[in-house]
Structures are given as structure tokens and as C-alpha cells.
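Novice: Structure, please.
(2 chains)
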Protein chains: 2
Amino acid sequence: MYYDASAESVSRPLVHYTPKAGWMNDPNGLFYDRSESTWHIYYQYNPNDTVWGSPLYWGHASSKDLTTWTEHADALSPSSNDSSVFSGCVVVDRNNTSGFFNDSINPEQRVVALYTEHSPVSQRQFAAYSLNGGYTFEKYEHNPVLDGNSTQFRDPKVIWHEETEKWVMTATRSHEYVVQIFSSSDLKSWELESNFTRHGFLGYQYECPGLAKVPIVGNSSLVSSGVTHKWVMFLSINPGSPMGGSFTQYFVGDFDGKVFTPDTAETRLLDYGKDYYALQTFSATENDDVLGLAWASNWDYAAYVPTYPWRGSMSLVRNFSLREYQPNSEAAQLNLFSEPIINYDALRLNQSIQTNATNIKKNDQLFFNLSSSAHGLLDLSFEWTVNKSNVGKKDFSALTVKLIGATDKEEYLELGYEANAQAFFFNRGNSNVNSMKENSFYSDKMSANVEPYELLSENEAVFKVHAILDRNIAEIYLNDGVSVTTNTFFLTDGNFIGALEVRSSVDDVYTVSNFNVKTTSG
Amino acid sequence: MYYDASAESVSRPLVHYTPKAGWMNDPNGLFYDRSESTWHIYYQYNPNDTVWGSPLYWGHASSKDLTTWTEHADALSPSSNDSSVFSGCVVVDRNNTSGFFNDSINPEQRVVALYTEHSPVSQRQFAAYSLNGGYTFEKYEHNPVLDGNSTQFRDPKVIWHEETEKWVMTATRSHEYVVQIFSSSDLKSWELESNFTRHGFLGYQYECPGLAKVPIVGNSSLVSSGVTHKWVMFLSINPGSPMGGSFTQYFVGDFDGKVFTPDTAETRLLDYGKDYYALQTFSATENDDVLGLAWASNWDYAAYVPTYPWRGSMSLVRNFSLREYQPNSEAAQLNLFSEPIINYDALRLNQSIQTNATNIKKNDQLFFNLSSSAHGLLDLSFEWTVNKSNVGKKDFSALTVKLIGATDKEEYLELGYEANAQAFFFNRGNSNVNSMKENSFYSDKMSANVEPYELLSENEAVFKVHAILDRNIAEIYLNDGVSVTTNTFFLTDGNFIGALEVRSSVDDVYTVSNFNVKTTSG
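Specialist: Got it, this is the predicted structure:
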């Protein structure tokens, strides 16, 4: 047994779900039980080790507020020692289209899982149903429900398509770079409707596709009047992302129940960080809200991160919407916006720093001592105004927030904005955790180009950031979530963030306002 | 005057072109003069500073062997102090379609430049012609040849389209994410044929498009018999690349003289490094070979790199071909392969190390002392065999070549391969040049997923690498150029690479063979 409780790492994230012990990767089977007001997540789980390995199970956790999670017994087990329960989804079959349920089961708990049964010779889609609201599952006796005669055919994600009154499944022929779209009336018999082939960045293989009908928030001149939603195809690749390893891309378009037609041939990142993979959305949400969760790691180094006795954590749940965005002065597009969901009431925030608008001078700084409190979550938001007329093209013109270790001050994180590059940055490289520093794939600096949130005048541009640092994961949302960068980070165990320092590398360029820090003691 | 010769940096690259002094960015006007057997390159040039700034000129250099370059006087100057000569191309108008030439001009020297005249109120396409083989240019008296009523319409690249017997220009409506395709009979009058809109990653803006008819090398089942070429669209974006800042992507398809039709909706990287932008191909090459050159820097940090009295260097010239490649076991595609062109005879290589096949043990290493010689170019190639059956999924299983500083051994570069991630890596982060270490965009680690070059057996995979390290630029070619990663690096001035160390982090996995090191003393 590898688990030695006395050796447990103290740096476990507080609001990012982690299993008590073992290895976790892709989120699976996300759904909301309206009858119990409970969110369920499942996940690729190896309870026997802290690295990926067969047989894999579906681990299970639930939450009332998407912030505090309760771990449950594994929900799905492999049929044999040489098979695994690979990724998949859950739908709520309220109308019992599958025939798996009788009237004794609350319609909101008619839970059907569709997942990939992986064996050395095939990957086939299986169905299973739960008679107790998702805690345990019975496998359908006539599995598979879909056999593609392939060893690389996986990750079914099913939605109810209201307009055609059918179930729609997306699954990948991973090595052929094909997302196959199937339809069904009963979740058991599936008909191929179309192939979505070789779109976006390909890498080594496609994984974890998903279609979602995403609400358009705010006014947009880009869609006809009365259009309230567009369809989004989510698609992960691994390895071979442009930034290295695994990443998630998305496409915006239309879907008629059979064919997904992207509006353009463009490729977009769902997250600019290194640690955001295998995004899946929740089934059966209220108002059909599009809420999603990703695995907050990267296959290039996931097996080597210094957490114990678990490896792998989930991202925060994000609420996705489409909003009109101008990536430059002449273009407009519908962009996915991401809003993190955190129940702050559950967090017992014990410190709050707020400042008035402050012009940051080169030889001055804002400094906040957090050493007495910041052993837990650190929630940081602020706005900054760039006076563009004072930006010299020879000057590296950065506003930088340094998050400094409480014990070892040589360890710090940095986030900020540089006006000549027009980009936001995050730097996790100043750590003394040698195993990660020396890992050839654990890169230090991430950046994202971002346009102003608002122009006060031709030369005064306002930007906004909201960063959530949760022990070893940072999620940073720019301008209300038009871009997000999600990255794990590792400081020496016990060396929590003890201070914040806000600096500018130039004079008369940056004014910081609405600076707001909340922390918990952990 | 900013130029102080006594302060000149000693680390100037030897075979990567740099201007003697001043700022350089995009390559422009690349062409081959067959009558003189001379390659000409022009480039965006600010002679008055080491950062980008208006007015910009076309700098000029030439080479007989694409390895040794001679700098010439600026070839094109702006019309006024508030205008600039922005990027563009050169074609050889052998048949004098433009009427700019008389019979006294050798057909191979009928050089016409098409470029963007940038002013505060417009970007328009201008023509200019040279009566002395490209050393000076006369501006066409009826400029502009193309006015798009835009401040963001630029980077014309013209080719002769044999099949329709027309000139074809690609230029970007940069902020609208449109590559416009025009045709002309005389280089003066241009007709819009089609728009190539919103393909690939968009970032902030499109720049430097280009079409090339690329030969297919080797057998391919992907094209009909008799098909010898496919068309490639090159396209740069800046800022906003997935890796941060600027990068170059490409699309493979067909072109009928009017419309470019990509084979698929996929997006591909031309180079996996941080420093490869604004790729342009040469006009008038022998056999219509597709040779290209890029700017070896990144807009996110180009203005801050510690070179003096110049900033900016070009990549090596690469010979591009399309070859069938299997990105995994089930897929095949035509991929651009890149072959570096170096005239080794010109380099007076004064050391060569060669080894027999060596199994690298965890507690052993190959070590090569280069301290007496390696002040110049370092050319490294080797192959390695991975014994996949001995790779444990818990073990970070890397073969690493460490390139260690001669004076300060704390400074080193690393390149290598890790078997679990199936990826090649390059790490430039172990430097004591604080200005770059602290630069928020100068990221340390790059990687590229790569399939085996050859399988010796089911479990024995062979890979190949060819790395050229030229003072502060590393170009690393994998498996004969199916992937390339180009990155600047900065060690402390005078701390040249003094040793190579080859290590494996695991036993019985890696065998190294054909290890070959050549150096020059600079």
C-alpha cells in the first residue's frame, strides 16, 4: 500500500477537487440532480497508485455548492483486470427513453452513464444506469451500445437535442482526428449522423469532444435578431499542443441535430495555461446553463507533480457564455467567456484588503503582508489603467504583482501586464521545488494577448483581472473571463504566499484600482 | 549616435544574418539572381536605433551560399519622415510585363519590389524597380498600385502563377483576419480574386502571408498519381500566439490562380519555438525550389534582447518540401519538412567528435570537452533508440544533452527526449542573464510531440536530431525536419558552450548512435 497518512502533503487545494488518495485525470459523467440540488462528478481514477494505470475506475464526488466536495465510493468498476472504465458522460433520462427505470425512480435521478469500455483489443461504448441517483451503476446487459471496431474510439458525451427530440453523442476516432456525431432515441441504439474531421490543431490525437448550446449574453450585431444561443464544440488534444502536452480548443457554430457547422475555420484556445484539459460540461443544469470542469494538469508532467497521496485535481467549475468581443479595432467575434463559480460564503474569508486608486511609481510599490493568514485560498482582483501616451517602446513597461513566499522569500509567483507586448503574463518559475524546475516540460511563463476591458479615452485603457490561488493551482481570469490561464504551481511545502508586492517598471503608466484581496487561513 | 564600436557584443551569430548595427525585423524581398548566382535579402530596418521605430527602411544583404552574408546600403527609403517602407517582396520580371525595363537589363535582374508604404493614415501597396540588380530602386511614378482604403492592409507577397500566366499577390487585411488574393498581368494593376478569411489561430492580427507551390518528396498515397506539388499558405500572427507573442502557421491545399482551398480545416505550426516569425520564401529560385527565411525573434521580447549594436537576426534558410508523415498509427498527412541550408565548406570546422552506438546508463554519461574550440558554431547531430518495453510510466524517462558553459558551468542549455510524454524538449532557462530571465515573456522550455523516425521492432523506435547552435540562436531539426524548434538563447557574454554531457534518467532505455559534433572557433 502506497498510502502513508503521516506523509500527506499539506498543500492540498481547498476548493479544487482532489481525491483523498490515488490518481485522477479526466472529469466524467458531470450532472446535476435537481431533486437533491446536488452536483455529481465522476472521474478517471486509479485508486491503487498515484500514476495512471489500468484498471481504471470512475471515482465519484458530489457537491451542493460547487465549492465544497464530498468523495464517494467508486461508481463504476472495470469488467475485468485487463479492461478499464474510460471517459464518458451521464445524462438524466427523465422520460425513461431507455426503459432502464420504473416509476419508483424520481425523473431527476434517472441517471444513465455512457462510457468507453477499454480493453487491449477494443474501445467500445457501454451504457450503465443508476437506481440510486448516481452512487452505483448497473451495466446494461446488452453492451456495447456502440462498437466502432476500433482500439481508438472513445469519450462519448451525450446531450439531449431539444429541436430534434433525440439524444446526440459525440465521440472521437482519436487517431483519425474525427469527432463522430451519433443520434439515438433510447440511448441504446445509435446512428452515425456526421463526421467532424481534422479541425483545429491536431497534435497526436483527439480526445474528449463535447457539444453545448451556449447562451449569448449581451448585445451582439453578429447574430440575427432573436438568436439567443450558438453551438460550441469542445475538443481536447494530447500530446502535441502548441504550448506542449495537452490542451483544449473550441469551435463556435451551428448544430441541427446531425451536423455541426463551424462559423469559420479558426482555432481557439479555451485556456491559455498549461493545465486545463478534457473539459466536460454538466448535464441537466437549471436553465440549461453551460457549466464545465476540466482536469487541471498536463499529461507532459502530471505523473511527477509533488503531491501525496493523490495526483490530479479538477479546475473550478466555470459558467460559459458567448459574448461579442473585439480582438482588435476592426474585428468582432463571439468569444467564450468563463466565469468561475465559488461559494464564498463557504470559505470563511478572514482578511480583506482594499485600496483606493493608486498611481504606481517605478521606485515605489504597494506591499501587503499576508503572512498571518494566507495559508489557504488567496482571491485577488484588481483593475489597472494604462496611460498609453506614456509608454516608451524601449521600456519594458510592466505592472507586476509578485506573490512572495512567507518563509522562503526567494520563492514567488508573478502575474501582470506589459504594455508593449499588449499581453498578460503569469510566471511560476521562481520556485525551489527542484523536481518541477528540472522537469523538461514544466515551463515557467505563460501569456495571453488581451484587449482593453474599457477605454476611458483614446490613450487610457482599463483592464481587469481576477485570480484565484488555491495552494498549488492558479486560475487567472482576464476582463470578466474573455481569457483564462490555468496553471499548477509548486512552492516548497509550507511556504505559503506571505506577501503581495505591486510594482511598475515605468513611471506614469499604471494606475491600480479596486485592489481586493481575500484570504482564508486554510 | 548610439553606436559605440568598443561596446560591441562578442556573441554575434556567425551564419545567422544580423545587420552590423540597428534594428531588424521581417525579411522582405527575398530573391535569387541567377545571372550572378547571388541571393538577395531585404528586411525591415531601423538604422537609427536598436528598437523598432519609424521611419523604417529596407535593409539589404546578399550571399553566394546562404551562409556568408554581405551587408549593402539600404535599398528602399521612406518617402517622408512620417512614412515607412513596410514589408513586401521582390519578383524577377523576366518578360518585362511591367514595362519598367529595357533590353539592356538582364532578364534575371529585372527586379520589381512590391511593398507597403505605411503612413499614419494609410497602408498602400507600392511598386519599385531596380536597374542595377537590386542594389537601389526607383519608385514607380503612379504609386500606389493598390489602395485598399485601410490603415491595416499590408505585406504583399507576389508569385508568378504559371498555370494562369498571371502574377498573384497575397496581402493581409490584418485586423479583419483576411488574406486577400489578387492577380495582375503587369504588376501595376491588381484585381481582387478571393479572400481567405479566419483560418487557423487568429491572435491579434494577421501578417506576412505567402503562397508557395511546394514539391512532394517521396511516395505518398495521399495524392493522385502524377501530382507532384501542393500549395501551401504561410501566415504569421502577432501578438496572441498560443505559445505567446508571434508565430507562423501554415495550411496545405490547392490553388487555381484565384482561390486557395485548404485540404482540411486544420491548423499547423511551422516551428515549435518562440523565435520564428514572418516567414517569406525566395523568388526566382532554380527549379522553383521553395526556400524560406524567417525573423528569429519574438515581438514579445525582441526589443530587450542583450545584443549590441544590433537587434534581430534571421533564421537559417530552409528548403521546404511536403512529405507523407504519420502523426500516429492511424493517420497520414502531407507535412512540411524543413531542411537547413548551411555551406559547411565555408565554416572551417575544426573539430569533429564521433561515437559508436552507446547504451546510456543512469549513472553514466557521455562527456565531451569542447572548451578549446567552441567559440563559434556548434553543429550537433545524433540518433537515439528508445527501448519502449523498458519505459516505466512512473519514471521520468529522459535522454538529455546538456550544453554547458565553458566559464560559468551553472549556465547550460538542454535538449532531449522523454519517452512517456513522447516529446522532444529544449530548455534555455538555465542562464544568468538576468534581463532575459526576468523578462515576463522569455519562457524557458519548449517541446514538440514527435513520432519515431523508424521502428526497428515493435518496441524499438529510432529518432534523429540535428541542432545548430550559433552563438545565441539554436535551430533544432527533428527526424529530418518534420518538426523544428527555433529559439534564441542568452548565456553570459563570453561564456560559450564548453562541454556536452549526454545523460539518461533511466537505465536500459536509450542507445545513442551517430553522435556527431562539429564546431568552429568563431
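Novice: tell me the residue furthest from the middle of chain A?
Specialist: The outermost residue of chain A relative to its centre, with distances by Cα atoms, centre = their mean, is A:Asn363 at 38.0 Å.
Novice: Name the SS class of that residue, please.
Specialist: Recorded secondary structure, A:Asn363: coil (DSSP: H, G, I helix; E, B strand; the rest coil).
Novice: Please report how far it lies from A:Phe382.
Specialist: 21 Å (Cβ to Cβ, to the nearest Å). Just so you know, the C-beta spots here come from the backbone N, C-alpha and C atoms, and that holds for glycine as well.
Novice: now A:Ser315
Specialist: 22 Å.
Novice: The two: which is more packed in?
Specialist: A side-by-side neighbour count of A:Ser315 and A:Phe382, using other Cβ atoms under 10 Å in any protein chain shown, places A:Ser315 first with 26 against 21.
Novice: how about the residues of the stretch 401-522 of chain A near chain B?
Specialist: A:414, A:416, A:418, A:420-423, A:425, A:427, A:429, A:439-449, A:451 (Cβ under 8 Å from any Cβ of the partner chain).
Novice: The residues you listed in strands, which ones?
Specialist: Under the assignment DSSP state E, those contribute A:Glu414, A:Gly416, A:Glu418, A:Ala423, A:Phe425, A:Asn427, A:Gly429, A:Lys445, A:Met446, A:Ser447, A:Ala448, A:Asn449 to strands.
Novice: Spatially, which two of those are the most separated?
Specialist: Farthest pair in those (Cβ to Cβ) is A:Gly429 and A:Asn449. Separation: 20.4 Å.
Novice: who's more crowded, the two?
Specialist: Between A:Gly429 and A:Asn449, counting by other Cβ under 10 Å, A:Asn449 is the more crowded of the two (24 against 20).
Novice: so that one makes contact with B:Met243?
Specialist: No: using Cβ atoms under 8 Å, A:Asn449 is not in contact with B:Met243; the gap is 11.6 Å.
Novice: so how far is the first residue of stretch A:173-182 from its last?
Specialist: Using Cα to Cα, to the nearest Å, the end-to-end distance of stretch A:173-182 comes to 13 Å.
Novice: A:Pro306: how many residues sit nearby?
Specialist: When neighbours are counted by other Cβ under 10 Å, A:Pro306 registers 15.
Novice: pretty sure it contacts A:Phe490?
Specialist: Yes: counting by Cβ under 8 Å, A:Pro306 does reach A:Phe490; the two are 5.9 Å apart.
Novice: Spit out the residues that contact these two alike.
Specialist: Residues touching both A:Pro306 and A:Phe490 (Cβ atoms under 8 Å, 6 or more residues apart in numbering or on different chains): A:Val433, A:Met436.
Novice: Low-confidence ranges, the stretch 1-150 of chain A, go.
Specialist: The model of the stretch 1-150 of chain A has pLDDT under 70 over residues A:1-10.
Novice: Show the residue spans covered by the strands in it.
Specialist: Secondary structure of the stretch 1-150 of chain A, counting by DSSP state E, counting those that start in this stretch: strands at A:22-33, A:38-46, A:57-63, A:69-76, A:84-92, A:111-119, A:122-130, A:138-139, A:146-147.
Novice: would you turn these into CSV with mean neighbour count and distance to A:Lys393?
Specialist: Converted to CSV, the strands of the stretch 1-150 of chain A look like this (neighbours: other Cβ atoms under 10 Å in any protein chain shown; distance: least, Cβ to Cβ, whole Å):
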stretch, mean neighbour count, distance to A:Lys393
strand A:22-33, 24, 44
strand A:38-46, 24, 48
strand A:57-63, 22, 49
strand A:69-76, 17, 48
strand A:84-92, 26, 48
strand A:111-119, 25, 53
strand A:122-130, 23, 54
strand A:138-139, 14, 64
strand A:146-147, 18, 58
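Novice: what about A:Glu286, how many residues close to it?
Specialist: 9.
Novice: ok, it to A:Tyr308 distance?
Specialist: Counting by Cβ to Cβ - A:Glu286 and A:Tyr308 are separated by 38 Å.
Novice: State the three-state secondary structure for A:Asn298.
Specialist: Here A:Asn298 is coil, with the state taken from three-state DSSP.
Novice: distance of it from A:Phe441?
Specialist: As judged by Cβ to Cβ, A:Asn298 and A:Phe441 stand 7 Å apart.
Novice: give me the low-pLDDT residue ranges for chain A?
Specialist: For chain A, the stretches flagged by pLDDT under 70 are A:1-10, A:351, A:373-374, A:522.
Novice: secondary structure element for the one residue sitting closest to the centre of it?
Specialist: The residue lying closest to the centre of chain A (Cα atoms, centre = their mean) is A:Ala294, at 3.4 Å. Counting by DSSP states H and E, the element that carries A:Ala294 is strand A:290-295.
Novice: and the first helix or strand past that strand going along the chain, what other elements does it pack with?
Specialist: Toward the C-terminus, strand A:290-295 is succeeded by strand A:310-311 as the next helix or strand (DSSP H and E). Packing partners of strand A:310-311 (3 or more Cβ pairs under 8 Å, 6 or more residues apart in numbering or on different chains; DSSP states H and E): strand A:22-33.
Novice: Check the offset of the strand it packs on from the chain's centre.
Specialist: Offset of strand A:22-33 from its chain centre (Cα atoms, centre = their mean, to the nearest Å): 12 Å.
Novice: Surely A:Phe426 is in contact with A:Leu403?
Specialist: No: using Cβ under 8 Å as the test, A:Phe426 is too far from A:Leu403 to be in contact (10.3 Å).
Novice: Need the overlap of contacts for the two.
Specialist: A:Leu413, A:Glu414, A:Leu415.
Novice: is it possible to export the residues you listed to JSON lines including neighbour count?
Specialist: Output for those, formatted as JSON lines (neighbours: other Cβ atoms under 10 Å in any protein chain shown):
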{"residue": "A:Leu413", "neighbour count": "22"}
{"residue": "A:Glu414", "neighbour count": "22"}
{"residue": "A:Leu415", "neighbour count": "23"}
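Novice: from those, which is closest to B:Asp470?
Specialist: Nearest to B:Asp470 among the shared contacts of A:Phe426 and A:Leu403: A:Glu414, at 31.0 Å, using Cβ to Cβ.
Novice: Show me the beta-bridge partners of the residue lying closest to the closest one once chain neighbours are set aside.
Specialist: Leaving aside its sequence neighbours, A:Glu414 sits nearest to A:Asn427 (Cβ to Cβ, 6 or more residues apart in numbering or on different chains; 4.2 Å). In this entry, A:Asn427 is beta-bridged to A:Glu414, A:Lys445, by DSSP bridges.
Novice: same check, this time on A:Trp231
Specialist: A:Lys213, A:Gly253.
Novice: from memory it sits against A:Phe260, does it?
Specialist: Yes: the criterion here is Cβ under 8 Å, and A:Trp231 meets it with A:Phe260 at 6.4 Å.
Novice: Could you pull out the buried residues of stretch A:477-484?
Specialist: Residues of stretch A:477-484 classed as buried: A:Tyr477, A:Leu478, A:Asn479, A:Gly481, A:Val482, A:Ser483, A:Val484 (neighbour count, 16 or more other Cβ atoms under 10 Å in any protein chain shown).
Novice: can you pull the contacts of the second one?
Specialist: The one in question is A:Leu478. By Cβ under 8 Å, 6+ apart, the contact list for A:Leu478 reads A:Phe424, A:Ala448, A:Val450, A:Phe463, A:Lys464, A:Val465, A:Val484, A:Thr485.
Novice: again, only using 7 Å
Specialist: Applying Cβ atoms under 7 Å, 6 or more residues apart in numbering or on different chains, we find A:Leu478 in contact with A:Phe424, A:Ala448, A:Val450, A:Val465.
Novice: I'm done for today, thanks for sticking with me.
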